[in-house]
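Novice: Return atomic coordinates for the entry below.
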Amino acid sequence: MSNASLKEQLQAVASQLSDKLGKDHKQKRKVPQTDKTKKPKPKWLDYVQYGVELLRVYFPSAFKAPNEVKPLKKGIKQDLVKRLSTIESIVTEDKACMVKSLAYYVNTAAYHKSVVEGAERIDLDGNPDGVVTAEEAKYSVERHQAKMLAKQAAAQQSAQQPVV
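Specialist: Next comes the predicted model:
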């Protein structure tokens with residue numbers, strides 16, 4: 001099975017799921033880039049976004065749309081690896097992609113916003129598994145702020161560089 005056919009299958013499953021969920025979720029429209037100074041999307045970003053979509057298809061109770069994100073249980077990566085090892089219908093490359101994409105998922109702004117003190121953590125099946133402590137919530141806020149500051153600094157630095 002080629003990666004192209006897997007991607008097509010994933011898109012078909014995702015569209016079926018979105019049809020089942022109804023029209024509650026607004027879909028983003030792709031707008032063509034008119035600004036020629038913007039860089040093309042890096043390949044690693046396509047890779048991890050594909051992995052997150054796979055996670056949403058195979059574990060819909062845990063990996064939700066950005067406006068529905070919930071904190072995941074501690075040790076979810078080990079649970080994910082263990083569960084994926086039992087599913088033979090998923091090719092190894094996609095399993096690896098899902099595991100690698102987990103780090104991207106838990107570092108998104110939506111995820112950090114969901115990690116607040118007292119919030120319920122969930123496992124791969126969407127079942128409650130612990131709560132977020134004050135220390136964990138503080139750490140998440142600090143991580144998110146550091147990421148945003150680094151992003152702003154990079155944007156300022158690139159704006160100051162002369163165009164060649």
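
Novice: Following element in sequence after the lowest-mean-pLDDT helix or strand in the chain, please.
Specialist: One helix or strand of the chain scores below all others by mean pLDDT, DSSP states H and E: helix 3-21, with a mean of 62. Once helix 3-21 ends, the next helix or strand along the chain (criterion: DSSP states H and E) is helix 43-58.

Novice: Spatially central residue in this structure, please.
Specialist: Centroid-nearest residue in the chain, with Cα atoms, centre = their mean: residue 105, separated by 3.1 Å.

Novice: What values do phi and psi take at it?
Specialist: phi -60, psi -50 (degrees, to the nearest 10).

Novice: cool, and residue 91?
Specialist: When read as degrees, to the nearest 10, the backbone of residue 91 gives phi -70, psi 150.

Novice: how near is it to residue 139?
Specialist: 35 Å (Cβ to Cβ, to the nearest Å). The C-beta positions use only the backbone N, C-alpha and C, and glycine is treated the same way.

Novice: residue contacts, residue 70?
Specialist: Each residue near residue 70 by Cβ atoms under 8 Å, 6 or more residues apart in numbering is listed here: 62, 64, 114, 119-122.

Novice: please redo it, this time with the cut-off set to 6 Å
Specialist: By Cβ atoms under 6 Å, 6 or more residues apart in numbering, the contact set of residue 70 is 114, 122.
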